[in-house]
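Trainee: Sequence and predicted model, in that order:
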Amino acid sequence: MANQYVEMGLSAPVNVTWEVTYACNLACIHCLSDAGRKRAGELTTTQCLRVIDSLSDLNVFQFNIGGGEPFMRPDFLDLMDYAHGKGMVTCISTNGTLIDEEIAGRLDNKLVYIQVSLDGATPASNDPIRGRGSFDKAVKALAHLRKRDIDVSINTVLTRLSFPELDSLVELASDFGAKLRVSRFRPSGRGARSWSQLNLSRDQMLGFSHWLSEHLTVSTGDSFFSVSTEERRSLGLNMCGACKMTCCISPEGDVYPCAFLQDEEFLAGRLPQEEFSDIWDNSPVFASFRELEIKSCESCHRFDLCHGGCPAIAYHTQRKLGLPDPGCLVNCVTVKPMRAKAV
Amino acid sequence: MASRKTYVLADGVQVRRETFGLLFYNYRGPRLYFLPSKDLFDSDFFNGHQSAADLIGTICTRHDWPRQWIEDRVEQVLTLLKSKGLIHGQSIC
């Protein structure tokens, strides 16, 4: 039902993903941003304040803050205070390693929502992916945030390594009064190099689809609509929201359809040189993305549930837009009996 | 009889005008609610400065619609938004 209103075109994004820096103190093997060092040309504090002003003026409701590791920016908390002062909600994705008691105190605001990244429920399963010592530091951050009653979730990127950990991660999240959020692994940044080793097999993806339908409190940020089942129909959008409800701003102020499509051909505009509203309303990149149709999926019985899935994964695996999401549930379902026959 | 109450957004709720009507965002979730009200309401109405009765009067001056139909529609929408926890009414003293 909501889709028809989204298709009419919104005056501004509902939320904007803002990667505030490429700097990161970890080197996760699946990092979609290939984060590490701060890069030349990242927006200054003054420029960031202008970004917040321009999005606030358009009544954008929420920033989804990522990176890099946002807390690597010395001005990060000041920027968040500024956004909150304008009534904007911030959902901050962090590795948690820099959150101590004092920083948790600064984050104690009802407009803040924190996602702490963990890819395993123990150091043994998490640290090979995210770095030695990262599990213990993330868990300490969860404890600091829990103490302040800050709204928090554990965010896990779904890979072959984290898939067996999901039940334990739900329990770990529960220990901190948090929920589990599972993110899609995408073949961009370092994720492109580790894709073949870490991407779920089709059987695992099918298993994950069943698992999701039995864990309705686990959130997915809409990125798994390609494997979503009827049970989760009411829990979120059933289509890609890029350029319709959301978009992404890079640390340098470049505007893209989403965090996973930051190739040059998807560059829609540059902040602060251009007005955000002008990019949103008039960018040819956004206009063409809004018209994107996954024609080959339209006759599928699942089309109403996924609308072709994630265009970014289709693009990165096949270098072309307009193709079906390769993680599609129909593929999983058709492959399974074929394997059974072969056995 | 139109309500003399004014209405304000519930804590954690924001709203903005769109071509189809109003788009509500609720931090506590479910996040979004699309209200296909066209130009019946302006988002400023939920600042709590104007009563429902005043709003109905304003709509009557803008449109050639039966007053009873407007009253019913406004009350219906306000009841719906209250039931979803997006707004609450406050009486004018």
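Mentor: Thanks, I have it.
Trainee: Flag every residue of chain B that's near chain A.
Mentor: B:11-12, B:14, B:16-20, B:23, B:25, B:27, B:31-32, B:34, B:36 (Cβ under 8 Å from any Cβ of the partner chain). C-beta here means a position set from N, CA and C on the backbone, and glycine is covered the same way.
Trainee: residues in contact with residue A:267?
Mentor: Residue A:267 makes contact with A:254, A:255, A:256, A:285, according to Cβ atoms under 8 Å, 6 or more residues apart in numbering or on different chains.
Trainee: got it, and residue A:148?
Mentor: Contacts for residue A:148 (Cβ under 8 Å, 6+ apart) come out as A:104, A:105, A:107, A:108.
Trainee: Neighbour-wise, which one of these leads?
Mentor: Counting neighbours by other Cβ atoms under 10 Å in any protein chain shown, residue A:107 leads the contacts of residue A:148 with 25 neighbours.
Trainee: Next up, phi/psi of the residue nearest to residue A:189 when sequence neighbours are not counted, please.
Mentor: In space, and not counting its chain neighbours, residue A:189 is closest to residue A:34: 3.7 Å by Cβ to Cβ, 6 or more residues apart in numbering or on different chains. With angles defined as degrees, to the nearest 10, residue A:34 sits at phi 50, psi 40.
Trainee: pLDDT value on residue 93, please?
Mentor: Looking at chain A here, since you left the chain open. Residue A:93 carries a pLDDT value of 97.
Trainee: meant chain B, my bad for not saying
Mentor: With respect to pLDDT, residue B:93 scores 64.
Trainee: What of residue A:328?
Mentor: pLDDT at residue A:328 comes out at 77.
Trainee: any chance of the contacts of residue A:267 in JSON lines, plus neighbour count and secondary structure?
Mentor: Compiled in JSON lines, the contacts of residue A:267 are given as follows (neighbours: other Cβ atoms under 10 Å in any protein chain shown; DSSP: H, G, I helix; E, B strand; the rest coil):
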{"residue": "A:254", "neighbour count": "18", "secondary structure": "strand"}
{"residue": "A:255", "neighbour count": "23", "secondary structure": "strand"}
{"residue": "A:256", "neighbour count": "25", "secondary structure": "strand"}
{"residue": "A:285", "neighbour count": "19", "secondary structure": "helix"}
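Trainee: wait, which of the residues you listed is closest to residue A:155?
Mentor: residue A:256 (20.8 Å; Cβ to Cβ).
Trainee: how much space between that closest one and chain B?
Mentor: Distance of residue A:256 to chain B, given as Cβ to the nearest Cβ, to the nearest Å: 22 Å.
Trainee: Go through stretch A:117-134 and flag the buried ones.
Mentor: Residues of stretch A:117-134 classed as buried: A:117-121, A:123, A:125-127, A:129-131, A:134 (neighbour count, 16 or more other Cβ atoms under 10 Å in any protein chain shown).
Trainee: What about those residues, which are in helices?
Mentor: Members of these lying in helices (criterion: DSSP state H): A:123, A:125, A:126, A:127, A:129, A:130, A:134.
Trainee: Next up, the contacts around the first one.
Mentor: The one in question is residue A:123. A:133, A:135, A:136.
Trainee: Residue A:322 reaches residue A:291, doesn't it?
Mentor: No. Shown here, residue A:322 and residue A:291 do not form a contact pair, counting by Cβ atoms under 8 Å, at 10.1 Å.
Trainee: between those two, who's got more neighbours?
Mentor: When residue A:322 and residue A:291 are compared for neighbours, residue A:322 comes out ahead with 15 against 8, by other Cβ under 10 Å.
Trainee: tell me which element the more buried one falls in.
Mentor: Counting by DSSP states H and E, no helix or strand carries residue A:322.
Trainee: quick one: contacts for it?
Mentor: Residue A:322 makes contacts with A:292, A:293, A:294, A:295, A:311, A:314, as judged by Cβ under 8 Å, 6+ apart.
Trainee: Tell me who's in contact with residue B:52.
Mentor: Residue B:52 neighbours (Cβ under 8 Å, 6+ apart): B:2, B:3, B:4, B:5, B:6, B:7, B:74, B:75, B:78.
Trainee: And those, which two are furthest apart?
Mentor: Using Cβ to Cβ, the contacts of residue B:52 span at most 14.1 Å, a distance reached by B:6 and B:75.
Trainee: Of those two, give the one with the bigger neighbour count.
Mentor: Set side by side, residue B:6 and residue B:75 show more neighbours around residue B:6, with 20 against 14, by other Cβ under 10 Å.
Trainee: next one: phi and psi at that one?
Mentor: Taking degrees, to the nearest 10 as the convention, residue B:6 sits at phi -110, psi 170.
Trainee: could you measure residue B:59 against residue B:48, distance?
Mentor: 18 Å (Cβ to Cβ, to the nearest Å).
Trainee: And the next helix or strand past the longest helix along chain B?
Mentor: When chain B is parsed with DSSP H, its longest helix is helix B:67-83. Later in the chain than helix B:67-83, the nearest helix or strand by DSSP H and E is strand B:87-90.
Trainee: Spatially nearest residue to residue A:2, not counting backbone neighbours?
Mentor: According to Cβ to Cβ, 6+ apart, the nearest residue to residue A:2 is residue B:34 (5.1 Å).
Trainee: My impression was that the one you found belongs to a strand - is that right?
Mentor: Yes. Residue B:34: assigned to a strand according to DSSP: H, G, I helix; E, B strand; the rest coil.
Trainee: need the contact list for it.
Mentor: In this structure, residue B:34 makes contact with A:1, A:2, A:5, B:18, B:20, B:21, B:23, B:24, judged by Cβ under 8 Å, 6+ apart.
Trainee: Give me the buried subset of the residues you listed.
Mentor: A:5, B:18, B:20, B:21, B:23, B:24.
Trainee: pLDDT wise, what is the second one at?
Mentor: In this model, residue B:18 is scored at 97, pLDDT.
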